[in-house]
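Trainee: turn this into a structure:
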Amino acid sequence: PKTMRLVQVEVMELPPPTSVAAPPDVHLPREGDTRDTGWASLWRSVGRSLWRAPATRRRPRVPDPGRGLPRLVAWKGPLLAVANDCEVVVHNTTRGGDALRLSHELLSEVLALEWGPQAESVLAVGVPRGVLLWRIFDHRDAFCSFFPDPGGRPVTSLSLHPHGRFMFTANAASEGAPPRVWDTCFGTSRPLGSAPAAGLVEASPRGDWVVAARAHGLVGLLHTAAWRAEELEGMPGVTAVAWAGGGGACLMTTSLSTVVHALGLPGDGFAAVDEVPSSFEVDLDDLVPDGAGETGAVHIAAAVSDPTCSHLAIVARCEKLGVLPYVAVYAVQAHPSLSMLLTDRLVFDSGVVPVALAFRSGAESGEDGLAVLWSNRCVSLFACK
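Mentor: Numbers count the residues shown, from 1 in each chain. Presented below is the predicted three-dimensional model:
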């Protein structure tokens, strides 16, 4: 397979978190803003808040020292989004540290984070009662729309269709609810065909397939051309979904396993889907630190694929040490059978482990990269060399 080699280009130390107390329909003027702040301005603010809520210029309160640890990261073009428990901070990596804090009264916990695939800067955030969809205009302004889950359930997984209009969401596996498809233009939603209850949902890069899975081993496939869903039997509990072969093959990792499964998903429907996924067992011994001693069983904890679907980044975990300190990057070839080649091992420092990772999307050709969020509140940005 064609290989990607990464070199660290920047390390960002994240600032401490803040949170907000002002309600979302209060739009406070900027410092030095000379516009009318009387009844006319109040009327404009209330009218605007009927369909969108401002992101910035809120009254701050003292943050809770027990919360605020960074937990999720997403990277699109120059914008790097980092989420903690109570807010999302969008950093512009080309503006020398400019940051936009996105806060909302419904943002009590960030459960999922993903950039939209279109040219505009749209960021979807899964929260305990639905999804906040932020539209970011520049490094100073952003507005959001709220898509409430019909049952008031937390949205723990979400994926946006490549064309930008549709959004797919899933709730925690314990909720027992089927995944949903949203029309973000009209704010309406419906269940995803006959797909089973799922805690994980992922749309293919080409938009022709949606995979819904849960930890108990039931996988639903939806072909978007006909909006028809079928169940895939025989798969153990799926913990991560990624893509290979230009988006024509779905990669799935399973609970407490070192095996990656590849399921061919051609564009012409269910008739051509592989009956039996091909598999590849990843050797994770290279990710165990030297001198670690007895570690117990090692398994894949997280996996993400790059926008070209040619590489897979993996974080491993073991029984005795917990999360291992390395991020392994593999070149992936899905056809005629799945093969993976280790190309890089990324590490920060002794005692520091990866928390989240995301490949860069929306970048020009040759500007691919990987962002890794570490347990010491730092983010490493890696670029191709």
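Trainee: quick check: pLDDT value at Gly362.
Mentor: For Gly362, the pLDDT comes out at 69.
Trainee: swap in Ala53?
Mentor: Looking at Ala53, its pLDDT stands at 41.
Trainee: and if you look at Ala371?
Mentor: 93.
Trainee: and what about it, helix, strand or coil?
Mentor: The three-state assignment at Ala371 reads strand, by DSSP: H, G, I helix; E, B strand; the rest coil.
Trainee: which residue packs closest to it, ignoring adjacent ones?
Mentor: Distances taken as CB to CB, 6 or more residues apart in numbering place Trp75 nearest to Ala371, at 4.5 Å, with adjacent residues excluded. Backbone N, C-alpha and C define where each C-beta goes, glycine included.
Trainee: then Leu338?
Mentor: Ala262 (3.9 Å).
Trainee: hmm, the residue nearest to Ala371 is touching Leu357, no?
Mentor: No - under the criterion of CB atoms under 8 Å, Trp75 is not in contact with Leu357, lying 9.5 Å apart.
Trainee: joint contacts of those two?
Mentor: Counting by CB atoms under 8 Å, 6 or more residues apart in numbering, the common neighbours of Trp75 and Leu357 are Ala371.
Trainee: what's next to whatever helix or strand the residue nearest to Leu338 lives in, contact-wise?
Mentor: Taking DSSP states H and E as the definition, Ala262 sits inside strand 259-264. Residues from elsewhere that reach strand 259-264 (CB under 8 Å, 6+ apart): 232, 235, 244-245, 248-254, 272-274, 277-282, 300, 303, 312, 334-335, 337-338, 340.
Trainee: quick one, strands of the stretch 101-250 of the chain?
Mentor: Applying DSSP state E, counting those that start in this stretch to the stretch 101-250 of the chain gives strands spanning 112-115, 121-127, 130-136, 142-148, 155-160, 166-171, 180-183, 188-191, 200-203, 209-213, 219-223, 228-232, 238-244, 249-254.
Trainee: tell me which of these sits most buried.
Mentor: strand 209-213 (a mean of 27; mean count of other CB atoms under 10 Å).
Trainee: go through stretch 294-310 and flag the buried ones.
Mentor: For stretch 294-310, a neighbour-count test (16 or more other CB atoms under 10 Å) marks 295, 298-310 as buried.
Trainee: about what we covered before: the strands of the stretch 101-250 of the chain: lowest mean pLDDT?
Mentor: Note on the strands of the stretch 101-250 of the chain: strand 228-232 shows the lowest mean pLDDT, a mean of 72.
Trainee: count the neighbours of Arg71 for me.
Mentor: 16 (other CB atoms under 10 Å).
Trainee: ok so, going back, give me the phi and psi for the residue nearest to Ala371.
Mentor: Backbone torsions for Trp75, taken as degrees, to the nearest 10, come to phi -130, psi 130.
Trainee: cool, and Asp285?
Mentor: Phi and psi for Asp285, reported as degrees, to the nearest 10, are phi -60, psi -30.
Trainee: tell me the pLDDT at it?
Mentor: pLDDT at Asp285 comes out at 83.
Trainee: could you find the closest non-adjacent residue to it?
Mentor: Closest to Asp285 by CB to CB, 6+ apart is Val298, at 7.3 Å.
Trainee: so who does the one you found touch?
Mentor: Val298 makes contact with 258, 284-285, 287-288, 316-318, 324, according to CB under 8 Å, 6+ apart.
Trainee: same check, this time on Asp208
Mentor: 223-225, 265, 267.
Trainee: for Arg180, same thing?
Mentor: Remark: with contacts taken as CB under 8 Å, 6+ apart, Arg180 is in contact with 149-150, 168-170, 189-192.
Trainee: now, which of these sits nearest Leu113?
Mentor: Thr169 (12.9 Å; CB to CB).
Trainee: from Ala74, how far off is the closest one?
Mentor: In this view, Thr169 and Ala74 are 16 Å apart by CB to CB, to the nearest Å.
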